[in-house]
Each structure stands twice: as C-alpha cells, then as structure tokens.
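*Asks:* With the sequence up front, the predicted model follows.
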Amino acid sequence: MRYFIYLLFVLIVACDGKPQNVALGTLERDRIAHTATANEVVVALPVPQGSQVKKGAILVRLDDALQKAQVSKAEAEVAQAKANLEKLRNGARVEEVSAASAKVAGAKAALVESDANYARSINLTKKKVISASVLDKALASREASLANLKSAQEQLLTLTNGTREEDLRIAEARLAAVTAILASENKRLSNLTIVATRDGILDNLPWNLGERVTIGSPLAIVLAGKSPFVRIYVPEPYRVKIKIGDQLAVHIDGLDKAVTGTLRWIATEPAFTPYYALNQKERSRLMYLAEVQLPDSEAYLPNGVPAQVELP
C-alpha cells in the first residue's frame, strides 16, 4: 500500500508529461523479523523496544526446560553409542577369555567321563548285566557332553578372534546417527534464545513476558543498519543515467542541508507493465524502484521521514 501511494504521488507530479529531475520517497531500514520455532513461554525480554542493538545481543528468551531434557537424552545416547563402539574395538577382556577357556576345559573333562561311562555300558550290556535303556542313557550323556564342548569352544573363538567388521560398521553408524540427533537438539535449544543477527534498532516486541508464543509468529522486529536508506521511484527518462554506486543529493524534510547518499540498488523492471506498448509520453511516466543508502553519520534519522533525491 505504501509503495502504491508513492507511485500515485509521483505520477501526479509527472502528469504534465515533463520529466522531473527529482525522485520522491521516505527513509527506511531493512526489516528483520525473528520468528518463533517452538510453542514456548516468553521468560525474558532483556532489551526494551526502541533500543539500539548489536549483532549477537539477546532479544527474547523462551522457556527451554523441556528442550534441555531432550538435549540431555541425546547426550546420553551418544555416550552409550561411544561406549559400545569402544567395547567392540577393544575386544574381550582377559578375564572373559580365561573364563571361556576354563569352560572349555570343564567340557572336555565331562566328555572324557561320558566316553568312559558309555564304554563300560557297552561291555556290561554285552554281558547282560544292564539293560539296553541304561546304554541309551549313557549314549545320550556322551552326546550332550560333546555338544557342550563344541559350544564352549565356539564361545572361546568368538572372544579370541575379535569383533566382526560388520559389527564395527554398525556401531560407527549408530554413533554418527545419535551425534547428528544431538546436534539437531542443540540447535533447537539455541533457537529458544533469540539474538540479533544484525546491528540495528529493536523496533517491536509483539509478545509480552509470560505469554506462550505460536510457531512462526514474530518475536522481535529489528530495523537493521546503522543509518536508513531512501526508497524512491526513479522516472523512466532517468533510468539509464544512474547506476549502482552513484552519489546522489538527498533532501530530507526537517534538514536544511542536503545529504549525499549512494545508490545501492535499482530495479531492472518498471513498477508497472506493459512498458513495450506505451508511446514516448506514456513511457516517461514509468517508475523504477530504487534505494539510496545514507552515510553512517545520519544514523539518528528515524524511519518514515519524507525525502527527495536529485537525479542527474
């Protein structure tokens, strides 16, 4: 709406068909809106509205108790994954290997005893001293002892041969995943403290202390930059006469002397089209939006003050 009013005013001034060597506009600053990333309560507003702020200054604090708990959980998962990977890399302890070796020795002794009992049972069966069922039990005991020995030997090999490469890769991938989750949770935690991303003026704090904000709503509005710029509309006849970096005289309402500004941006397309269908008189009324930056010495100037820029 503001741009439309500027354009309408400039068109009225130029309605006699004679190009004017002045562009009208107002003082402006870049508007930086810091938005909420979580539905949390505002717990601190350390900087009052209207204050000058530096980059990195804390503007708003949101309640971070819940997010800190999420960070602690992620840290615990990272610690667990690191310990598991270290365990796999180090392999079995000496005590574990010794216990497995002792188990193998015990299984061998049990097998020897079972073999002896089975051999005696065969002789006694031939002499018809014992029944066939007793022989079957001796055979089953021998087979069980043999199976126990093989199991103990496999356990010992698992401890002495080390961790499989696939298990190590799984553990490393798990550590990488939980580390990424921790980084994400830390970023969410930092987002609950709103800091200025540029020097400027804290123009507005839409939420009051103690209110619960909504995701995506603005928490702090900063008008960035040490000094304002002039947003103007340049008439079409002057578009080819100026370029970015040109020094232009700026007359600001309330100041007796003109201020020298630098053209920092100008649109490549006119404010309305189709410009290719206009005759020479109508083309002179086309306007190009532009911005003229004022020097840092004019940092005290407020937004919204009308200004005029002389065009070459």
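*Replies:* It's in.
*Asks:* For the rest of this, base every contact and every neighbour count on C-alpha atoms.
*Replies:* Fine.
*Asks:* burial count for Arg142?
*Replies:* 20 (other C-alpha atoms under 10 Å).
*Asks:* Are we agreed that it is in a strand?
*Replies:* No: read with DSSP: H, G, I helix; E, B strand; the rest coil, Arg142 is helix and lies in no strand.
*Asks:* Residue numbering should commence at 29 henceforth.
*Replies:* Sure, I'll start numbering at 29, so the last one becomes Arg170.
*Asks:* Regarding Lys136, which helix or strand does it belong to?
*Replies:* Lys136 belongs to helix 122-154 when assigned by DSSP states H and E.
*Asks:* from memory Ala277 sits against Pro340, does it?
*Replies:* No: taking C-alpha atoms under 8 Å as the definition, Ala277 is not a contact partner of Pro340, at 9.7 Å.
*Asks:* neighbour count winner among these two?
*Replies:* Comparing Ala277 with Pro340 by other C-alpha under 10 Å, the one with more neighbours is Ala277, at 19 against 12.
*Asks:* Let me know the distance separating Leu329 from Thr54.
*Replies:* Per C-alpha to C-alpha, to the nearest Å, Leu329 is found 11 Å from Thr54.
*Asks:* how about the helices in this protein?
*Replies:* Chain-ordered helices for the chain, with DSSP state H as the definition, fall at 30-41, 93-118, 122-154, 160-189, 193-219, 308-311.
*Asks:* I'd like those as CSV, with mean pLDDT and distance to Gly244 appended.
*Replies:* Compiled in CSV, the helices of the chain are given as follows (pLDDT from 0 to 100; distance: least, C-alpha to C-alpha, whole Å):
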stretch, mean pLDDT, distance to Gly244
helix 30-41, 46, 25
helix 93-118, 92, 18
helix 122-154, 80, 56
helix 160-189, 80, 55
helix 193-219, 93, 12
helix 308-311, 58, 42
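*Asks:* between those, which one is nearest to Pro334?
*Replies:* Between Pro334 and the helices of the chain, the tightest spacing by C-alpha to C-alpha is seen for helix 30-41, at 10.3 Å.
*Asks:* More neighbours: which of Leu329 and Thr54?
*Replies:* The residue with more neighbours, out of Leu329 and Thr54, is Thr54; 19 against 16, by other C-alpha under 10 Å.
*Asks:* Apart from its chain neighbours, what residue comes closest to that one?
*Replies:* Beyond its immediate neighbours in the sequence, the residue positioned closest to Thr54 (C-alpha to C-alpha, 6 or more residues apart in numbering) is Pro334, lying 4.3 Å away.
*Asks:* ok, the one you found touching Gly53?
*Replies:* Yes: A contact is recorded between Pro334 and Gly53 when judged using C-alpha under 8 Å, the distance being 5.9 Å.
*Asks:* In terms of packing, which of these two has more residues around it?
*Replies:* Comparing Pro334 with Gly53 by other C-alpha under 10 Å, the one with more neighbours is Gly53, at 28 against 16.
*Asks:* wait, what's in contact with the more buried one?
*Replies:* With contacts defined as C-alpha atoms under 8 Å, 6 or more residues apart in numbering, the neighbours of Gly53 are Tyr34, Val258, Arg259, Ile260, Tyr261, Pro334, Ala335, Gln336, Val337.
*Asks:* Beta-bridge partners for it, please?
*Replies:* Gly53 has these beta-bridge partners by DSSP bridges: Ile260, Ala335.
*Asks:* Just the pLDDT at it, thanks.
*Replies:* The predicted local distance difference test score for Gly53 is 92.
*Asks:* Please tell me how far Gln336 sits from Ala175.
*Replies:* Here the distance between Gln336 and Ala175 works out to 99 Å (C-alpha to C-alpha).
*Asks:* which of those two has more neighbours?
*Replies:* More neighbours sit around Gln336 than around the other of Gln336 and Ala175, counting by other C-alpha under 10 Å; the figures are 20 against 14.
*Asks:* Go ahead and confirm that one touches Ala51.
*Replies:* Yes: between Gln336 and Ala51 a contact is recorded at 5.6 Å, counting by C-alpha under 8 Å.
*Asks:* if you skip the residues just before and after it, what's nearest to Lys254?
*Replies:* Setting aside the residues directly before and after it, Lys254 is nearest to Ala327 in space (C-alpha to C-alpha, 6+ apart), at 5.3 Å.
*Asks:* count of residues packed around that neighbour?
*Replies:* Burial of Ala327, expressed as a neighbour count using other C-alpha under 10 Å, amounts to 14.
*Asks:* Phi and psi next, for the residue nearest to Ala248 when sequence neighbours are not counted.
*Replies:* Take Ala248 and drop its neighbours on the chain: the residue closest to it by C-alpha to C-alpha, 6+ apart is Leu233, 4.8 Å away. Note on Leu233: its backbone torsions stand at phi -120, psi 90 [degrees, to the nearest 10].
*Asks:* tell me the pLDDT at Leu233?
*Replies:* 97.
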